[in-house]
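Enquirer: okay, structure incoming, though there's no sequence with it:
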């Protein structure tokens, strides 16, 4: 499946919010949202952003979530359809499935500075789940799963051990920086997405 390859900083500028797609750069003065906090394009500075209509608000939030997790529209809609068919709270199921993605868990554990970097690390066979190599970013982790580094000899992971020494993983994950592994303590809930996204808006958008 082809992946969206447009420049990541343009995605943030399009949404008018930081999507944290470039890791540490997003927290520095080099961040595009600091240098050019307006929509991309020739008329970006003069063009008004989409009005705050109900549809516009829902569309923008849907795009923001989709781009933050690095998912294409077709795959994102499939997540929604699966969540909507599951008995219970659609909003909760949708947010949980996105958080359960292996690339997201690698990011949440601090092994990647952004979801895009975490996805690349997973694609390049750097991780194991319960001792077995998994290189599928969309792989859904389960409660009790242990995510470990395939090879700690890589300079990247050797340097990483020191940098994540004081990193605080979310409450549903346990990080052992000495072993360079993490464990899924429980399935994440909507409240544990750090207030980053409003999944209610996403569900309302697709429910129309």
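Expert: Cool, the structure landed. Just so it is clear, the model here is predicted, and its values are computed rather than measured.

Enquirer: stretch 103-118: end-to-end distance?
Expert: In stretch 103-118, first residue to last residue: 5 Å (C-alpha to C-alpha, to the nearest Å).

Enquirer: quick one: average pLDDT of it?
Expert: Mean pLDDT, computed over stretch 103-118, is 96.

Enquirer: okay, buried residues for it please.
Expert: 103-118 (16 or more other C-beta atoms under 10 Å). Placement of C-beta: from N, CA and C, glycine included.

Enquirer: ok, residue 178 - contacts?
Expert: Residue 178 makes contact with residue 161, according to C-beta atoms under 8 Å, 6 or more residues apart in numbering.

Enquirer: so which strand or helix has it?
Expert: Element membership for residue 178, per DSSP states H and E: none, as it lies in no helix or strand.

Enquirer: just to revisit the earlier point, of the buried residues of stretch 103-118, which belong to strands?
Expert: With DSSP state E as the criterion, strands contain none of these.

Enquirer: please identify which of these is nearest to residue 152.
Expert: Minimum distance to residue 152 across these is 11.5 Å, recorded for residue 111 (C-beta to C-beta).

Enquirer: list the residues that contact that closest one.
Expert: 118, 121, 127, 149, 157, 160, 164, 182.

Enquirer: which ones are touching the closest residue to residue 188 other than its chain neighbours?
Expert: Excluding its sequence neighbours, the residue lying closest to residue 188 (C-beta to C-beta, 6 or more residues apart in numbering) is residue 99, at 4.2 Å. Residues near residue 99 by C-beta under 8 Å, 6+ apart: 105, 108, 188, 192-193.
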